[in-house]
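Peer 1: Sequence first, predicted coordinates after that:
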Amino acid sequence: MLTVSVKWQKEVFKAVEIDTSQPPYVFKCQLYDLTGVPPERQKIMVKGGLLKDDADWSTVGVKQGQKLMMMGTADEVVKAPEKGPVFMEDLPEEEQVVSLGHSAGLFNLGNTCYMNSTVQCLHSVPELKSSLVKYSHSGRSNDLDQTSHMLTVATRDLFNELDKSVKPVAPMQFWMVLRKKYPQFGQLHNGVFMQQDAEECWTQLLYTLSQSLRSPGSSENIDAVKDIFGIELESRIHCQESGEESSETESVYSLKCHISHEVNHLHEGLKHGLKSELEKASPALGRSAIYLKESRINGLPRYLTIQFVRFFWKRESNQKAKILRKVDYPLELDVYDLCSDVLRKKLEGPRQVLRDEEGKKLGLKANEKSSGSKDVDVKMTDVEGSSNASGESSATTSQEGVPVDKETHLTGIYDLVAVLTHKGRSADSGHYVAWVKQESGKWIEFDDDNPIPQREEDIVKLSGGGDWHMAYICMYKARTVPM
């Protein structure tokens, strides 16, 4: 670690730290925070010329206490709207974010697109933000390790920074703590941080938050993450050879969409994912035998996460290879036929209420559709203007999670609110991007520090079949009804 001073225009920034284990691009992100000059505009004079983003610090020759010269112009203030008495630059930055209609992008700190896309998807969940806001610096429970506490605080602070910033954010503190908690994300190759699997980052981050965002004071020990993302599965395990049968229940945070030559649609892949074969010891036969495990959903979450199982380990190349097959997925997903009989009965009432509401809005008669319909063709009209896609007006809970008026019920119908895509042939290379639905109903593509508006009809085209971006993780939000 070196400490230098940096002169820019008439200002001198003293005691700026350089972490020589990280590329100069990270140092430029620090200077961006100080000066407002984006990294690509920075010209930093060093021995032998200008400092390059990927230069090796050991050959640059920067010394402790050295004074560096930087040239470059800062970002322009957001231009004022053409009409209206209030100029945007006169607004607080939080209000500028509202005017833009989306939150900030995240700088890539060196193959960190897997992390950036994960953060942007999870940042779009208001219930998760509410739970993080309630988490205090001193609120760590005795059974929570220090690094999990630090990662939770870093996640909360990064979400807060994204909400308040118009300019791209450098997630340095979050990245540093993530690597400390999970060292695999700090792997280096030729001195450069390696690309990692976004699904692994997603899973590990949610696991940490599930440990920290509990309510130890309550008798129920409420798990906020399980409440938001938890899926209860009920499984029947049967051995055809011996006739043995058992059942088990488990809680998971995502469903798997298995991809084979038979799978063309998400729904088919989910059915495949709920069936599996496993080999284990059979007490009746006195040896190992093949068991068939068939699962049904017995408890649904507010946010349903689905992972497309696109990667597998290829022994010949010794890396994760990718299945490029096209698998279509809908903007609206009905999982009724994947549920247990017990859950289906619970869903029938709310589904009828939902159909009646939709029918009234479209001038249709009630009771026109059966509750077990695989695809729901009628859409709620107020979904269009809501990132929450469940019609927050009739909804569920307030931002603080307190029930409003009537109790809300799940229907088994979900609306797409985020897609994490991968472009490339291997999970540990290529590029990850987040596509997130905003509160306005518009979609934004978060390609690291560059947020790009997109059309909804283009979101479902990220289904694979080539080298373009293809869905790796889809997140759906539950459509609920008050009863």
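Peer 2: Received, thanks. These numbers come from a predicted model, not from an experiment.

Peer 1: ok, which stretches of the stretch 201-350 of the chain are helices?
Peer 2: For the stretch 201-350 of the chain, the helices defined by DSSP state H, counting those that start in this stretch cover 224-229, 266-273, 341-361.

Peer 1: Can you show me the CA trace of the last one as CSV?
Peer 2: The C-alpha atoms that make up helix 341-361 are tabulated as CSV, following Å, rounded to 0.1, in the frame of the first residue of the first chain:
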residue,chain,number,x,y,z
ASP,A,341,-52.3,-30.5,-3.8
VAL,A,342,-52.3,-28.8,-0.4
LEU,A,343,-50.9,-25.5,-1.8
ARG,A,344,-53.2,-25.7,-4.9
LYS,A,345,-56.2,-25.6,-2.6
LYS,A,346,-54.9,-22.6,-0.8
LEU,A,347,-54.3,-20.8,-4.1
GLU,A,348,-57.8,-21.4,-5.6
GLY,A,349,-59.5,-18.7,-3.7
PRO,A,350,-57.0,-15.9,-4.4
ARG,A,351,-56.8,-17.0,-8.0
GLN,A,352,-60.5,-16.7,-8.4
VAL,A,353,-60.4,-13.2,-6.9
LEU,A,354,-57.6,-12.2,-9.3
ARG,A,355,-59.5,-13.5,-12.3
ASP,A,356,-62.6,-11.7,-11.3
GLU,A,357,-60.6,-8.4,-10.9
GLU,A,358,-59.0,-8.9,-14.2
GLY,A,359,-62.3,-9.7,-15.8
LYS,A,360,-63.9,-6.6,-14.5
LYS,A,361,-61.1,-4.4,-15.8
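
Peer 1: which residue is nearest the middle of this structure?
Peer 2: With distances taken as C-alpha atoms, centre = their mean, the residue of the chain nearest its centroid is residue 121 (3.0 Å).

Peer 1: check contacts around it.
Peer 2: 202, 418, 420, 434, 436, 473, 475 (C-beta atoms under 8 Å, 6 or more residues apart in numbering). For glycine as for every other residue, the C-beta is placed from the backbone atoms N, C-alpha and C.

Peer 1: For this structure, name the helix or strand with the lowest mean pLDDT.
Peer 2: helix 93-100 (a mean of 55; mean pLDDT, DSSP states H and E).

Peer 1: where does this protein have low pLDDT?
Peer 2: 76-102, 137-142, 215-221, 317, 364-406, 427-428 (pLDDT under 70).

Peer 1: Where is the longest strand in it?
Peer 2: As assigned by DSSP state E, the longest strand anywhere in the chain is strand 408-423.

Peer 1: what lines up beside that strand in the sheet?
Peer 2: strand 332-334 (antiparallel), strand 431-437 (antiparallel), strand 470-482 (antiparallel) (DSSP bridges).

Peer 1: Quick one, which of the ones you listed gets closest to residue 252.
Peer 2: Residue 252 lies closest, by C-beta to C-beta, to one member of those: strand 470-482, at 13.9 Å.

Peer 1: CA atoms only: put the closest one into CSV for me.
Peer 2: In CSV, the C-alpha atoms belonging to strand 470-482 read as follows (Å, rounded to 0.1, in the frame of the first residue of the first chain):
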residue,chain,number,x,y,z
MET,A,470,-28.8,-15.2,-22.7
ALA,A,471,-30.8,-15.6,-19.5
TYR,A,472,-28.9,-17.3,-16.7
ILE,A,473,-31.1,-16.1,-13.7
CYS,A,474,-34.7,-14.8,-13.9
MET,A,475,-36.4,-13.2,-11.0
TYR,A,476,-40.2,-13.0,-10.8
LYS,A,477,-42.4,-11.1,-8.4
ALA,A,478,-45.6,-12.6,-7.0
ARG,A,479,-48.9,-11.1,-8.1
THR,A,480,-51.0,-10.9,-4.9
VAL,A,481,-54.6,-10.1,-4.1
PRO,A,482,-56.1,-8.6,-0.9
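
Peer 1: And the strands in the stretch 1-150 of the chain?
Peer 2: Taking DSSP state E, counting those that start in this stretch, the strands of the stretch 1-150 of the chain run over residues 2-8, 11-18, 43-46, 49-50, 67-71.

Peer 1: Could you dump the ones you listed into TSV with mean neighbour count and distance to residue 325 added?
Peer 2: Output for the strands of the stretch 1-150 of the chain, formatted as TSV (neighbours: other C-beta atoms under 10 Å; distance: least, C-beta to C-beta, whole Å):
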stretch	mean neighbour count	distance to residue 325
strand 2-8	16	49
strand 11-18	12	46
strand 43-46	16	46
strand 49-50	10	45
strand 67-71	15	49
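
Peer 1: Quick check: closest non-adjacent residue to residue 282.
Peer 2: Closest residue to residue 282 apart from its sequence neighbours, by C-beta to C-beta, 6 or more residues apart in numbering: residue 289 at 4.1 Å.

Peer 1: Show the contacting residues for that neighbour.
Peer 2: Residue 289 makes contact with 239, 241, 242, 279, 280, 281, 282, according to C-beta under 8 Å, 6+ apart.
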